[in-house]
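In: next one to model:
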Amino acid sequence: MSTWKTKVSPIRAVMGFNAMTDANLVVFANGVLKGLTGNASFPNPTVPLTTFGNDITAHSNAMTAALDGGKNAKTASKKTKKAVVNDLRQLAMYAESNCNEDMAIFTTSGFTARAKPAASGPVAVPTFKSLDYGAHPGEILVFIKSVTGAKSYNVRFGPMPPTPPASAGGPSSTPASAGATAGAAPGAAPSSWTVLNVANIKKAMPVDNLTSGTLYAFQVQALGMQGLSAWSDSSTIMCP
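Out: Numbers count the residues shown, from 1 in each chain. Model prediction:
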């Protein structure tokens with residue numbers, strides 16, 4: 001029995017600092033400064049917190065001065081914002097690397113974590129929409145019902161062993177000549193399978209060169225990001 005292991009996604013910080021308004025950036029940066037100050041989980045920040053605090057104060061002051069609209073003041077505000085953004089990026093990477101992939105620890109840094117993708121398990125077992133006769137003898141048309149997460153499908157088929165005729169002399173014996181079309185014995189399975197890969201299930205997949213008058217079993221499995229599903233239960237059809 002296969003054991004599936006879900007891959008753990010590393011914690012990553014939201015890095016859209018440059019897109020923040022000046023006011024929001026100052027509020028956010030002060031939150032990070034508060035979160036990291038005295039935090040035993042992050043004892044050695046890559047940007048000294050004193051430097052970080054000074055950069056925040058400088059940007060807050062430059063932001064206020066720029067409200068008058070002076071060109072020099074606006075230039076100074078852009079420069080101080082850049083310094084704060086650079087500090088935040090370095091500190092965010094530091095928090096990512098030192099949180100031990102523990103979300104509770106990471107959030108104490110004051111940073112916001114990116115949403116993780118939903119964990120995915122093995123793909124579900126698919127089924128057939130239908131098995132139908134083809135355009136000529138010896139052809140079966142296979143219609144597969146899609147499953148979420150499947151990238152492709154495998155179909156396998158094989159001839160079923162005929163029901164053995166009843167013993168001679170019995171009151172209801174079956175002629176040997178009828179054995180090939182009498183159906184399969186309960187619990188029987190093909191002695192061998194032929195496997196085909198199916199990339200496109202939007203239309204029927206024709207299976208040719210089968211033996212007319214023979215009962216065939218068909219099964220299907222799906223291939224997802226984490227491997228193959230189990231094979232479906234058998235569906236049977238008498239080849240025309």
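In: residues near the nearest residue to residue 55 once chain neighbours are set aside, how many?
Out: Take residue 55 and drop its neighbours on the chain: the residue closest to it by CB to CB, 6 or more residues apart in numbering is residue 83, 4.6 Å away. (Each C-beta comes from the backbone N, C-alpha and C, glycine too.) Number of residues near residue 83 (other CB atoms under 10 Å) recorded here: 17.
In: then residue 70?
Out: Using other CB under 10 Å, residue 70 has 12 other residues around it.
In: tell me the spacing between the closest residue to residue 194 other than its chain neighbours and residue 28.
Out: In this structure, residue 194 finds its nearest non-sequential neighbour in residue 157, 5.8 Å apart by CB to CB, 6+ apart. Residue 157 sits at a distance of 61 Å from residue 28 (criterion: CB to CB, to the nearest Å).
In: the more surrounded of the two?
Out: More crowded of residue 157 and residue 28, by other CB under 10 Å: residue 157, with 24 against 19.
In: and that one, what element?
Out: Per DSSP states H and E, residue 157 falls inside strand 152-159.
In: now for that strand, which elements pack on it?
Out: strand 140-145, strand 194-198, strand 205-207, strand 215-224 (3 or more CB pairs under 8 Å, 6 or more residues apart in numbering; DSSP states H and E).
In: nearest to residue 38, out of those?
Out: Residue 38 lies closest to strand 215-224 among the helices and strands packed on strand 152-159, at 46.3 Å (CB to CB).
In: how far out from the middle of the chain is the following helix or strand past that closest one?
Out: Using DSSP H and E, the helix or strand that directly follows strand 215-224 along the chain is strand 227-228. In terms of CA atoms, centre = their mean, to the nearest Å, the centre of strand 227-228 is found 12 Å from the chain centre.
In: CA atoms of the helix or strand following strand 227-228 as CSV?
Out: The first helix or strand that comes after strand 227-228 along the chain, using DSSP H and E, is strand 235-238. Output of strand 235-238 as CSV, limited to C-alpha atoms (Å, rounded to 0.1, in the frame of the first residue of the first chain):
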residue,chain,number,x,y,z
SER,A,235,-16.1,-2.5,-16.9
THR,A,236,-16.8,-5.2,-19.5
ILE,A,237,-18.1,-5.1,-23.0
MET,A,238,-18.5,-7.8,-25.7
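In: partner strands of strand 235-238 and their direction?
Out: Paired neighbours of strand 235-238 in the sheet (DSSP bridges): strand 215-224 (antiparallel).
In: the helices and strands packed on strand 152-159 into a markdown table, with extra columns for distance to residue 33 and mean neighbour count?
Out: Below are these laid out as a markdown table (distance: least, CB to CB, whole Å; neighbours: other CB atoms under 10 Å):
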| stretch | distance to residue 33 | mean neighbour count |
| --- | --- | --- |
| strand 140-145 | 56 | 18 |
| strand 194-198 | 56 | 12 |
| strand 205-207 | 62 | 16 |
| strand 215-224 | 44 | 22 |
